[in-house]
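Participant: take a look and give me a structure for this.
(one chain, ligands or ions: 1)
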Amino acid sequence: MRSSDVLVVGGGIIGLVTAWRAARRGLRVAVADPEPGGGAARVAAGMLAAVTELHYGEQTLLGLNLESARRYPDFVAELEEASGRDVGYRACGTLAVALDADDRAHLRELHALQRQSGLESEWLTGRDCRRLEPMLAPGVRGGLRVDGDHQVDPRRLADALVTACERAGVVLHRTRAERLRVVRDRAAGAVLEGGAELAADQVVLAAGSLSGRLAGVPPAALPPVRPVKGQVLRLRVPAAYAPFLSRTVRAVVRGSHVYLVPRANGELVVGATSEELGWDTTVTAGGVYELLRDAHELVPGITELPLTETRAGLRPGSPDNAPLLGPTALPGLSLATGHYRNGVLLTPVTGDVMAHYLVSGELPPEARPFTPRRFAPSAVRLEQPA
Ligand code: GLY
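Facilitator: You can find the predicted model right below:
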């Protein structure tokens, strides 16, 4: 039986960054995934939107998001050096705009929350917004300029992580892990599809929305993650139209989030729906219609661009929208999952805190609020009648 110090179940960006960082710290690491570098990152737009995606009640998550955003430039430099690949990091900023009075009120509330949280964001008139981004619709009523919310290309990020893992000696088993191996009440590896067994001192479950489905995990250690579908479109900006947009532009249109993320290579990503439909990844006419309708209200010229791809992915949602990082109730089994809308943003900090945990057995302070134990059923004792 092949053995390693750490087996990571799941080779999306979260599993790969955990594996890469752990290998860099001297551990012998293996990953099990039929398609390393696949998963939600093949669909995601790659916004690093700690400030523009702030929500009430998510202040603790904000701290982790900001910490990961702060680490991004150094993380990218290190990964590009280790892999020899460009990951498409673009420090372009974001403009969140409002199209009607309701959207404007919503954006004003967001601005107030951002200021209370000590974040940098500037209120602009509609005219100022159009001065920054001339392709915006004349009806834009105002907006928030957030110069610190950037982007990365998640497909390139995933490909770079695969290469960095290979170069760091991580063994990639291109097979699905079917069942957790448990030996003497401790996680001890996994059984792969086809029956091969892998032994490991520690197992990290990092399988995105599938993390709650690995057979053999005791119920008390199973992560409460669920799939949240997002449909995303890709268009191409012909050279004659460039620069179509110079930064990410986003809005809430009739209650739905829409964003347009322009890459340096001419790709324009438009996302995303948010649908609680279980494991369904169908691209629907309705989803594509709504995204194009809302994007067209923001940037009418979008209808001139070639549509190159439509795709749906599954965000790993958790009960409080924050990730689950660290040990479970089963010794030897830890989690790195439940990143929901922030998987790409949280990649650097997740790699760092998981590697620290795997090496030392301790979660660093920035990760402690995200321990999976916060979802453990509280011990309720019923008084026995006398
Ligand atoms: N963070 C963008 C999304 O989840 O759609």
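
Participant: buried ones in whatever helix or strand Arg250 lives in?
Facilitator: With the criterion set as DSSP states H and E, the secondary-structure element containing Arg250 is strand 248-253. By neighbour count on 16 or more other C-beta atoms under 10 Å, the buried set for strand 248-253 is Thr248, Val249, Arg250, Ala251, Val252, Val253. Backbone N, C-alpha and C define where each C-beta goes, glycine included.

Participant: tell me which strands that strand pairs with, and in which orientation.
Facilitator: Partner strands for strand 248-253, per DSSP bridges, with pairing direction: strand 94-98 (parallel), strand 256-262 (antiparallel).

Participant: as CSV, those with mean neighbour count and mean pLDDT would be great.
Facilitator: Rendered in CSV, the data for the strands paired with strand 248-253 read as follows (neighbours: other C-beta atoms under 10 Å; pLDDT from 0 to 100):
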stretch, mean neighbour count, mean pLDDT
strand 94-98, 27, 97
strand 256-262, 23, 95
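
Participant: and these: which comes nearest Arg21?
Facilitator: Nearest to Arg21 among these is strand 256-262 (26.2 Å), distances taken as C-beta to C-beta.

Participant: check whether the single longest helix found in the chain comes near the ligand.
Facilitator: Of all segments of type helix in the chain, defined using DSSP state H, the longest is helix 59-83. No - for helix 59-83 and the ligand, the contact criterion (C-beta under 6 Å from any ligand atom) is not met; the two come no nearer than 10.5 Å.

Participant: got it, and stretch 206-213?
Facilitator: No - counting by C-beta under 6 Å from any ligand atom, the ligand has no neighbours in stretch 206-213; the shortest distance is 12.3 Å.

Participant: so how far is that stretch off the chain centroid?
Facilitator: For stretch 206-213, the gap between its own C-alpha mean and the chain's C-alpha mean amounts to 13 Å (C-alpha atoms, centre = their mean, to the nearest Å).

Participant: for that stretch, C-alpha coordinates in PDB please.
Facilitator: Provided in PDB are the C-alpha atoms of stretch 206-213 (Å, rounded to 0.1, in the frame of the first residue of the first chain):
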ATOM      1  CA  ALA A 206     -11.100  19.300   0.400                       C
ATOM      2  CA  ALA A 207     -13.600  18.100  -2.200                       C
ATOM      3  CA  GLY A 208     -15.700  21.300  -2.500                       C
ATOM      4  CA  SER A 209     -19.400  20.700  -2.600                       C
ATOM      5  CA  LEU A 210     -18.800  16.900  -2.700                       C
ATOM      6  CA  SER A 211     -17.000  17.000   0.700                       C
ATOM      7  CA  GLY A 212     -20.100  15.800   2.600                       C
ATOM      8  CA  ARG A 213     -20.400  12.700   0.400                       C
END
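
Participant: tell me the mean pLDDT for that stretch?
Facilitator: Averaged across stretch 206-213, the pLDDT comes to 97.

Participant: got it, and stretch 365-374?
Facilitator: Per-residue pLDDT values over stretch 365-374 give a mean of 96.

Participant: what are the buried residues along it?
Facilitator: Neighbour-count burial for stretch 365-374, counted by 16+ other C-beta under 10 Å, picks out Glu366, Ala367, Phe370, Thr371, Pro372.

Participant: next: stretch 138-153.
Facilitator: By neighbour count, with 16+ other C-beta under 10 Å as the criterion, the buried positions of stretch 138-153 are Val140, Gly142, Gly143, Leu144, Arg145, Val146, Gly148, Asp149, His150, Gln151, Val152, Asp153.

Participant: on that earlier part again, closest to the ligand among the buried residues of stretch 365-374?
Facilitator: Using C-beta to the nearest ligand atom, Phe370 comes nearest to the ligand of those, at 17.5 Å.

Participant: re the thing from before, could you identify the most distant pair in the buried residues of stretch 138-153?
Facilitator: In the buried residues of stretch 138-153, two members sit farther apart than any others by C-beta to C-beta. They are Gly142 and Asp153, at 29.8 Å.

Participant: do you know how far Glu178 is from Leu192?
Facilitator: As for Glu178, its distance to Leu192 is 6 Å (criterion: C-beta to C-beta, to the nearest Å).

Participant: center of this protein, which residue is that?
Facilitator: The centre of the chain sits closest to Gly343, judged by C-alpha atoms, centre = their mean, with a distance of 1.5 Å.

Participant: helix, strand or coil for Gly286?
Facilitator: Reduced to three states with DSSP: H, G, I helix; E, B strand; the rest coil, the structure at Gly286 is helix.

Participant: give the contact list for it.
Facilitator: Under the criterion of C-beta atoms under 8 Å, 6 or more residues apart in numbering, the contact list for Gly286 is empty.

Participant: let me see the contact set for the spatially closest residue to Thr328 that is not a sequence neighbour.
Facilitator: Nearest non-adjacent residue to Thr328, counting by C-beta to C-beta, 6 or more residues apart in numbering: Ala221, 3.8 Å away. Contact analysis of Ala221 by C-beta under 8 Å, 6+ apart lists Thr328, Ala329, Leu330, Leu333, Pro372.

Participant: correct me if wrong: Val253 contacts Leu298.
Facilitator: Yes - the criterion here is C-beta atoms under 8 Å, and Val253 meets it with Leu298 at 7.3 Å.

Participant: any shared contact partners between these two?
Facilitator: Leu99.

Participant: residues in contact with the longest helix of the chain?
Facilitator: For helix 59-83, the external contacting residues (C-beta under 8 Å, 6+ apart) are 20, 48, 50, 53-54, 85-87, 89, 91, 117, 148-150, 152, 157, 159-161, 163-164, 167-168, 320-323, 342, 345-352, 366-367, 369-370.
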